[in-house]
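Trainee: Here's my sequence, what's the structure:
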Amino acid sequence: MFRNIPIITRNLLIINVLAFLASFVIDFGGKDLNDWGALHFFMASDFHLYQFVTYQFLHGSFTHLFFNMFALWMFGCVIENVWGPKRFIFYYIFCGIGAGICQELVQYVSYLTDPQLSALELTTAIPVHTGHGIETMMLSEYLNGWCTIGASGAVYAILLAFGMTFPNERIFIFPLPVPIKAKWFVMIYAAIELFSAAASSGDGVAHMAHIGGMLFGVMLILYWRRRPGDVFKMNSARQFFDRWGKKSSHSAGFNHTGNTSYTRNSGFSSQTYTRPEDDMEYNARKKARQEEIDRILDKIRKSGYDSLSKEEKLRLFEASKEK
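Mentor: A predicted model of the protein is given here:
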């Protein structure tokens, strides 16, 4: 079963699990892996730019890790099969970084709106309650406590991508007794996070990082969608394969330009003429292509990618590589 998981999703699962296990044994000069790789507040003394990437692979508990990886496996497998590995990993890392940027902005607003902190210099010594009583530390060191870990921002972006790719696909979510369309599923999750961000404080959950991942996800998807000549159309997964039909049009009796071809023999030679494809022919070709892609995508969802024939895999491969 594990071999059926696409390569990028599989490797992301492995890296996250290994990083979680390593956090119990690796020590960097008195700091564990989470302290080193977590995304610290940019004004804190332990902040580094690489943390915008490393924080995405660290988790604070097994429950935190499990639910993120479960969602990555459930939705990431489908999205990677549709997009291809290069586009998928770029989207994942890009949205994870975007989620971190949004979280940094929220923390900066918190810093500015706290008069006791914003009025001080970063080198100012402040009293801090610790387990050993009251100690003093510089403000920049105190701000090291404002840090973020977890793949949630990137995972929420994957949920968004699934909802935009398969907007009318029905899925079950607990505790609802009936399936709902993926687009409503994504909207519900986004609404919950917005409400939680507004109503919750100090709950230890980076709600705005979740929203940030989805925000950067929709921006990237719309950018891809609006790029002239880009194959990636986000109205549905079927539109992603529209241009593939131009390559396989020989089987439907059309040439690559969407024109109907016919040949006239004149004794010693033959001439090929083309005429513009009319609306009826275009709609028939598009319907046939959509039905074929529907069948392949349904087969992936039901039986996995390895259940496809060589011809079906080739069609998906050609579509994902088309420029």
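
Trainee: Can I get whichever strand or helix holds His210 in CSV? Just the C-alpha atoms.
Mentor: Assigned by DSSP states H and E, His210 belongs to helix 207-226. Extracted C-alpha coordinates of helix 207-226, given in CSV (Å, rounded to 0.1, in the frame of the first residue of the first chain):
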residue,chain,number,x,y,z
HIS,A,207,-4.9,29.6,13.2
MET,A,208,-3.6,32.4,11.0
ALA,A,209,-0.9,30.2,9.7
HIS,A,210,-3.6,27.8,8.5
ILE,A,211,-5.4,30.7,6.8
GLY,A,212,-2.2,31.9,5.4
GLY,A,213,-1.4,28.6,3.8
MET,A,214,-4.8,28.6,2.1
LEU,A,215,-4.4,32.3,1.1
PHE,A,216,-1.1,31.7,-0.6
GLY,A,217,-2.5,28.5,-2.1
VAL,A,218,-5.4,30.3,-3.8
MET,A,219,-3.0,33.1,-5.0
LEU,A,220,-0.7,30.5,-6.6
ILE,A,221,-3.5,28.6,-8.2
LEU,A,222,-5.1,31.7,-9.6
TYR,A,223,-1.6,32.8,-10.9
TRP,A,224,-1.2,29.4,-12.7
ARG,A,225,-4.7,29.6,-14.0
ARG,A,226,-4.3,33.0,-15.5
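
Trainee: pull the helix or strand with minimum mean pLDDT from the protein.
Mentor: strand 260-265 (a mean of 38; mean pLDDT, DSSP states H and E).

Trainee: hang on, Tyr55 packs against Leu33?
Mentor: No. Counting by CB atoms under 8 Å, Tyr55 does not reach Leu33; the two are 11.0 Å apart. In short, each C-beta sits where N, CA and C put it, glycine included.

Trainee: of those two, who's got more company?
Mentor: Tyr55 (27 against 21; other CB atoms under 10 Å).

Trainee: Not counting its neighbours along the chain, what's nearest the more buried one?
Mentor: Leu39 (3.8 Å; CB to CB, 6 or more residues apart in numbering).

Trainee: distance of the closest residue to Phe162 other than its chain neighbours from Leu297?
Mentor: Distances taken as CB to CB, 6+ apart place Phe75 nearest to Phe162, at 4.5 Å, with adjacent residues excluded. From Phe75 across to Leu297, the span is 14 Å (CB to CB, to the nearest Å).

Trainee: And Phe66, by the same measure?
Mentor: For Phe66, the distance to Leu297 - CB to CB - is 28 Å.

Trainee: So if I had to pick from the two, which one is more boxed in?
Mentor: Taking neighbours as other CB under 10 Å, Phe66 and Leu297 compare with Leu297 leading, 22 against 13.
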